[in-house]
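Undergrad: sharing a model that was predicted from the sequence below.
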2 protein chains.
Amino acid sequence: MARIVMKFGGTSVADLDRIRTQARRVESEVEAGHEVAVVVSAMAGVTDELVGWCQQLSALHDAREYDTVVATGEQVTAGLFAIALQAAGVEARSWQGWQIPIVTDGAHGAARIRSIEGKELLRRMAIGQVPVVTGFQGLAPDGRVATLGRGGSDTSAVALAAALRADRCDIYTDVDGVYTTDPRIVVKARKLARITYEEMLELASVGAKVLQTRSVELAMKARVRLQVLSSFTDAPGTLVVDEEEIVEQPVVAGIAYSRDEAKITVRRVPDRPGIAAALFGPLAAANVNVDMIVQNVAADGTTDLTFTLSKSDLPRARQLLADAREAIGYAGITADSDVAKISVVGVGMRSHAGVASTMFRTLAEKAINIQVISTSEIKVSVLIGAEYTELAVRALHTAYGLDAA
Amino acid sequence: MARIVMKFGGTSVADLDRIRTQARRVESEVEAGHEVAVVVSAMAGVTDELVGWCQQLSALHDAREYDTVVATGEQVTAGLFAIALQAAGVEARSWQGWQIPIVTDGAHGAARIRSIEGKELLRRMAIGQVPVVTGFQGLAPDGRVATLGRGGSDTSAVALAAALRADRCDIYTDVDGVYTTDPRIVVKARKLARITYEEMLELASVGAKVLQTRSVELAMKARVRLQVLSSFTDAPGTLVVDEEEIVEQPVVAGIAYSRDEAKITVRRVPDRPGIAAALFGPLAAANVNVDMIVQNVAADGTTDLTFTLSKSDLPRARQLLADAREAIGYAGITADSDVAKISVVGVGMRSHAGVASTMFRTLAEKAINIQVISTSEIKVSVLIGAEYTELAVRALHTAYGLDAA
C-alpha cells in the first residue's frame, strides 16, 4: 500500500468526460489499496478567460481581487471531480486551500506556500476518503485567497505530497513523460524511465517545459518522488527522483535547446575592478535575467563582455545599457537575437570526463561555430546560430548514444 | 447621508459592460455621500451552467459539492465588481460569505442565514470603502460553503441590510418595479410607488415574482425598507415598506393571477371527524402544498371536498389519494388543471367592506363562473376557468380603479 498524490492539469480535466476518465484512474489506485489525494487545475481555458476579464476591467487590477476571481477555476473542478468520484463509488470530498488550510505568504497573484496542515486529510485518507484539493491557491495572511502564479498547481501537488509524506506525486499532463530531447526534432528521441531532480531542473530551464521549475525545486528539497505521465494513455511515465535511486547512471540524460535567447556584446569596456558590477547591477535591478557571461582577455586596458539573456528582455536591456553608457564608459554595443542555446545535461558527467570535448568535436564536424560556452556541474551549454538548432540537437543526440534502437 | 445595500441580479451583471454600468451607479451613491455595501448575483447563465455540470455528473450529487461548484458564480462577479469600482476610483473589496462570515445552517443547497458579522464591514464603510459581497451563500457549521437555494441573493441582500442596519436595500433587477398587475395583460397597469410587505408577499405568492418570497418575509421581520428598481433605466422603482409608511392607503394595491393551479375534488367522503386529517395528512407528508380548500355541506352522511394545488404536484397527489382510498373511503376523484387563480390584494381591505362583493359582481357581469373562493385578511382569491384569466384581470383592474389615466 502506498500513499499517492495525483495531480491533473487543465487539459486532463477539460470537460466532464475527461473528469470522469480521471476519476476512474483514481478509482483504480484506490481499489489497488492505495491512499490517494487528488490535486486539480482549472478546466482548460477557464483561467485564461477569468484573467482576461480582470485585465479588460482594469489593466492595473488589484491582485487580491484577481485572486478572488481566478481561484474559482480550480474550485469548480474540485467540486465536479469529487462528484465524479462519488458517482464511481469512491468516497471523496473537495477541499479549498483556505479550508485545509494551505497557508501562503501575502504576495497575491504570485504567492509561495508556507505550510500545509495535513492532519485532517491524513485522518480521512486512512479511512478511505479521497481529498480533492484545489491547486494553485491557498490562504494568505490577510485571510483572503492567494494564487501561486501560472502553473502553480504542480507546486501545490508537490507541497501537498511533502506535507502528507506521500510515496509518490503523479503529475498527469498532456505529454507522456520526459524525453532525451524534443521528439519533434529528433524522431529517435527516447522517453526516460527515470531522471534526477537536477537534470529535470536543467532541462526545464532550457526549454523542456514539462513541469513548473518551482515544483521540481520543491520536490528535490522535500525529496518527493515525482512521476510525469499522460492522462490520455496508460503508458508508464518518467519518474523524477533522487540520484541514489538511479543505479545505472547514463553520462548524458538529454539534450535541450532554447531559441528564446539573445546575445549582447559590450565592446571595449575599461578593464578595472567593479566594472562587471556597474554593468550588470542596473540589469539585475530591472529584473533582467542574465544567463551566460563571457569576458575576453583585455589587451589595451579594455575588454569585451558578452552575455545572453531572454529575447523578450533585449529592448529593455539595450535601453538600460545606453542609460549607463557614461558611467561605464564602453565603446559600443552589438546585439544578436538570431541565436540558440544547446545544452547537454546529465549527472553522470560529474564522474565522466570528455563530455564537453565530445560536444565541441561533434559541432565542429558539422561546421557549427560556437559563440559562447558555459558549463555547470551537470550541464554544458553552447550558444550557436539559430539556423543550426536542429542539426546540432540531432548530431549531439547521436553522439551521446541517446538514439532509440 | 444614508446607509444603503445595493443588490444586482444576474442580468444586471451579465457581462463586463453591465458590471461597469452598475459600478457607476454605486459610484454615484458614494459621491452623494452615502455608505454603500453591494451584493451581487452570478453573471446571467453561469449558475445554470454550473448546476447543469453537477447534474450531468450525477443526478444524486452531494449537495456540499454542488455548493462548492455553484458558489463560484458570485465569487467571480464580486471580484470583477470590486475591480470595476476601483477602476472608477471607488475604494472597494470583495467579500466571500465565509470571510465575513455570513453564517448559515447546515442545509447545503437550501441553507438559511443564521447570522451576519457586520462589524468589520461597518468599520470599512465608515472610511469610504465599499464591500462587494457574494450573494446566495454563506459558511455552514461544517466549515464549508453553503448556498441558499435559487434566488437566494435577494435574501442575502436583505439579511445584510438588517445586519448593517441599512436605511434601504435597493434590489436592481430586470423589471423597474411592482405593478398593479401584469402589464403584459393590462396595458393600463400602473407602477406602484409604494407597497406594503404584506401586499408584496401576497402578490409574490400568486405569481408576481419580482422578489424572492423569503427575502420579503425577512425584510418585513427585520423592518428593512426594500426598493425594487431597474438596472437598465434611472427611473424610480417601487418601495416595499411598513404599512405605517404609506399615508394614503388604497383599498386594493393590485391584481395577481396564477395559471400554475390544479383542482382536485374528492367525492362522497364519509362526513366524520378526522376525515380531513386522513385526507390531507399523506399529502402534507409528501410535501404537496395544498392551497384553497372547500368542503360542501353534507346531505347523506357524505361530503364533497375540493382543494387546489400546484399543477406540477397533481400526478403525485392523485397517486397518494388513490393509495389512501381504502383508508378514507371516498367514492371517486375528479381533477382539473385547466384553471387559474385570480387574487385581489390590498391592506386597505381590512378597513373597507365590499371588496369581495365587488369582485364577485364584476366577474358575474362578464359571465365568469367562480369555482372556489378563499379569503385572507388582505386578499380575496377565486378559482376560475383558465381561459377567462385575461378577461377577469382586466375587468377587475378597471373595477377597483387601478387603470392608469
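TA: Here it is on my side, so go on.
Undergrad: show me the longest strand that occurs in chain A.
TA: strand A:254-270 (DSSP state E).
Undergrad: helix or strand with the lowest mean pLDDT in chain A?
TA: helix A:197-205 (a mean of 84; mean pLDDT, DSSP states H and E).
Undergrad: buried stuff in the very next helix or strand once past it?
TA: Using DSSP states H and E, the next helix or strand after helix A:197-205 towards the C-terminus is helix A:213-222. Buried residues in helix A:213-222, counting neighbours by 16 or more other Cβ atoms under 10 Å in any protein chain shown, are found at A:214-220. C-beta coordinates here come from the backbone N, C-alpha and C atoms, glycine included.
Undergrad: who touches helix A:213-222?
TA: A:151-152, A:154-155, A:157-159, A:161-162, A:169, A:171, A:197-198, A:200-201, A:204-205, A:224-226, A:240, A:242 (Cβ atoms under 8 Å, 6 or more residues apart in numbering or on different chains).
Undergrad: make it 10 Å
TA: A:7, A:112-113, A:148-149, A:151-159, A:161-163, A:165, A:169, A:171, A:196-205, A:210-212, A:224-226, A:240-242 (Cβ atoms under 10 Å, 6 or more residues apart in numbering or on different chains).
Undergrad: spatially nearest residue to residue A:344, not counting backbone neighbours?
TA: residue A:380 (4.9 Å; Cβ to Cβ, 6 or more residues apart in numbering or on different chains).
Undergrad: which residue does the stretch 101-250 of chain A bring closest to chain B?
TA: residue A:143 (6.3 Å; Cβ to the nearest Cβ).
Undergrad: now the helices for the stretch 201-350 of chain A?
TA: Using DSSP state H, counting those that start in this stretch, the helices of the stretch 201-350 of chain A run over residues A:213-222, A:275-285, A:314-323, A:325-328.
Undergrad: any idea which of those is most buried?
TA: Mean neighbours per residue, mean count of other Cβ atoms under 10 Å in any protein chain shown, is largest over those for helix A:213-222, with a mean of 20.
Undergrad: what's around the residue of the stretch 251-400 of chain A found nearest chain B, how many residues?
TA: Residue of the stretch 251-400 of chain A nearest chain B, by Cβ to the nearest Cβ: residue A:287 (25.1 Å). By other Cβ atoms under 10 Å in any protein chain shown, the residues close to residue A:287 number 8.
Undergrad: you'd agree it is up against residue A:312?
TA: No - Residue A:287 lies out of contact with residue A:312 (Cβ atoms under 10 Å); the separation is 11.7 Å.
Undergrad: quick one: residues contacting the nearest residue to residue A:268 once chain neighbours are set aside.
TA: Distances taken as Cβ to Cβ, 6+ apart place residue A:331 nearest to residue A:268, at 3.5 Å, with adjacent residues excluded. When contacts are counted by Cβ under 10 Å, 6+ apart, residue A:331 touches A:266-270, A:302, A:304, A:325.
Undergrad: next one: residue A:133
TA: Neighbours of residue A:133 in contact, by Cβ under 10 Å, 6+ apart: A:5, A:7, A:37-40, A:74, A:78, A:81, A:94-97, A:99-100, A:102, A:116, A:121, A:153, A:156-157, A:160.
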